[in-house]
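Undergrad: Okay, here's the prediction I keep looking at, along with the sequence it came from:
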Amino acid sequence: MEQENLAEKLFKLNSSINDWLTDTKVLVNEIKARQDPRRQFNLWRNSSEGKDWKRRQHSKQERKCALCGDYVHIRYAHIDHIKPIAKYPALALALDNLQLVHPRCNLTKGTTTTFAIETSTHCARPLEKRDSND
């Protein structure tokens, strides 16, 4: 009888521990999501501060894509991380790591720090490579 009582207590304790672990994993994932560099960047980008930065940067870059040098409309310009978030998460909100580029240039560059364009894509400049100060 005593062994059955002990086994029942152990079973209840094990269930409680499993419940606690499940709850803890959920909390850890929520904390990680809040600290995610991409999420932090997106929140800044959509804020009034981020929008003001984009307007100032557009003027500073003389309304040109930082990668190909062609005109870029502010509405469609992407904010590009010179050193990508995937490789440099600590630089996600570093303003000196940001530049305005065409959407296509940004997608072509991807998570690299080197960029190559072709005349046939959208730019009038010949094939070239740019190294973004890695």
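TA: Okay, I see it. Numbering: from 1, shown residues only.

Undergrad: hey, where'd the helices end up in this structure?
TA: 2-35, 37-46, 48-60, 103-109 (DSSP state H).

Undergrad: Can you say which of these is packed in most?
TA: Highest mean neighbour count of the helices of the chain: helix 103-109, a mean of 18 (counted as mean count of other CB atoms under 10 Å). (Each C-beta comes from the backbone N, C-alpha and C, glycine too.)

Undergrad: For that one, give the mean pLDDT please.
TA: Rounded to a whole number, the mean pLDDT of helix 103-109 is 92.

Undergrad: Report the separation between Asn46 and Trp53.
TA: Shown here: Asn46 relative to Trp53, a distance of 12 Å by CB to CB, to the nearest Å.

Undergrad: same check, this time on Val101
TA: Distance from Val101 to Trp53, counting by CB to CB: 15 Å.

Undergrad: Same question for Arg38.
TA: With CB to CB as the criterion, Arg38 and Trp53 are 17 Å apart.

Undergrad: Just give the number of residues close to Asn97.
TA: Neighbour count for Asn97, taken as other CB atoms under 10 Å: 18.

Undergrad: Spatially nearest residue to it (excluding sequence neighbours)?
TA: Closest residue to Asn97 apart from its sequence neighbours, by CB to CB, 6 or more residues apart in numbering: Leu91 at 4.4 Å.

Undergrad: hang on, isn't that neighbour packed against Phe41?
TA: No - using CB atoms under 8 Å, Leu91 makes no contact with Phe41, being 9.8 Å away.

Undergrad: anything in contact with each of these two?
TA: His81, Ile85 (CB atoms under 8 Å, 6 or more residues apart in numbering).

Undergrad: Give me the neighbour count for Ala77.
TA: 23.

Undergrad: Numbering from 43 from now on, please.
TA: That works, and once the first residue is 43, the last one we named lands at Ala119.

Undergrad: any idea of the pLDDT on it?
TA: 97.

Undergrad: low pLDDT regions in this structure?
TA: 75-76, 158-176 (pLDDT under 70).

Undergrad: which non-adjacent residue is nearest the most centrally placed residue in it?
TA: For the chain, Arg80 is the residue whose C-alpha lies nearest the centre (CA atoms, centre = their mean; 3.0 Å). Sequence neighbours aside, Ile127 is the residue nearest to Arg80 in space, at 5.7 Å (criterion: CB to CB, 6+ apart).
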